[in-house]
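Enquirer: Okay, here's the prediction I keep looking at, along with the sequence it came from:
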Amino acid sequence: VGSDSRANGGVPQDGTEGSRADSIMVLHKASNGQASLTSLPRDTYVEIPGYDDDKINSAYSYGQAPLLVQTAERLTGLTMDHYVEVGMGGVTRMVDAVGGIDVCLDYDVDDHDSSLVWDTSKGTCQTVDGDKALAYSRMRKSDPLGDIGRTMRQRQVVSKVVGKAVSVSTFVNPFKQRKLVGSVAKNLTTDKDTGIMGMREAAFGLREVMGKGGLMGAPPIASLNYRVGGQSAVALDTKAVDGFFEKMKNGTLTSADFYQGPGGPVG
């Protein structure tokens, strides 16, 4: 879970109070070994236990991590064994702890809300520090795919950070190891049962799923502009979503099961 909390710095203070879950991903490893990473768009309209139906990130606002986990479990039919959360400042510091990351975007951006400025004349793929990686992860309004595009970039940032964290260059450099471990300890919030071995297992699971041919994306979506009470939400495809999560549980997902988008596959 990526929180938009301003409490620990890393983003210009804009008066926004409280916190919401702006990035929600489910990392699952089936009993047959199949790993998958599914982004649940923050505006996904779902049943929230004890409340009216609402956008999934509202569960975090109503009841923080416990209610968000309950909501995700009800939606997916899975039991969430572990929980990891990072705030905005944590994203910045984690990226800086691994020495920056390479990310790609093939169009120019000057987005006020996220502070992202992207000039493709400098290359569609660029090396960014923590501040720019955060802006890259937050940008939504200038993305042709909106929140779906943002979830793709968020997965890209996670992939790059994890890839460098478990790289040979990190393991053989004691200074890099200490800096990374210290950053993990300071910037990630986990459930009480997720120790260092659980984090290591999650890191290697993420590396596996984000490799070539990895299974990741959003669940089947019926509408990206589902109107509820005058607001826009994301409506999942009720005819396909239960089967999607059943396949996830059984380890039989394919790339074709993820949301394909109006113009083709969405990676």
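Expert: Here it is on my side, so go on. Numbers count the residues shown, from 1 in each chain.

Enquirer: For the longest strand anywhere in the chain, name the packing helices and strands.
Expert: Longest strand in the chain, counting residues (DSSP state E): strand 221-228. Judged by 3 or more CB pairs under 8 Å, 6 or more residues apart in numbering; DSSP states H and E, the packing partners of strand 221-228 are helix 146-165, strand 231-236. Quick note: C-beta positions are derived from backbone N, CA and C, even for glycine.

Enquirer: and with 6 Å instead?
Expert: strand 231-236 (3 or more CB pairs under 6 Å, 6 or more residues apart in numbering; DSSP states H and E).

Enquirer: Let me know the angle separating the strand it packs on from helix 146-165.
Expert: For strand 231-236 against helix 146-165, the angle by axes from the mean of the first three to the mean of the last three CA atoms, to 10 degrees is 60 degrees.

Enquirer: Going by neighbour count, which residues of stretch 202-220 are buried?
Expert: Within stretch 202-220, the residues scored as buried using 16 or more other CB atoms under 10 Å are 202-203, 205-210, 214-220.

Enquirer: Sorry, wrong one. I was asking about stretch 127-135.
Expert: Using 16+ other CB under 10 Å as the test for burial, stretch 127-135 gives 128, 130-135.

Enquirer: What of stretch 231-241?
Expert: So, applying 16+ other CB under 10 Å, buried residues of stretch 231-241: 233-236, 241.

Enquirer: Okay, helices next: where are they in the stretch 151-267 of the chain?
Expert: 168-171, 174-187, 196-209, 241-250 (DSSP state H, counting those that start in this stretch).

Enquirer: Those helices: lowest mean pLDDT?
Expert: With a mean of 56, helix 168-171 has the lowest mean pLDDT of these.

Enquirer: re the thing from before, now, the most widely separated pair of the buried residues of stretch 202-220?
Expert: Largest separation among those by CB to CB: 203 and 220, giving 28.2 Å.

Enquirer: Residue 68 versus residue 253, what's the distance?
Expert: Separation of residue 253 from residue 68 (CB to CB, to the nearest Å) stands at 23 Å.

Enquirer: circling back: quick one: work out the angle between the longest strand of the chain and strand 231-236.
Expert: Using the same axes, to 10 degrees: strand 221-228 against strand 231-236 is 150 degrees.
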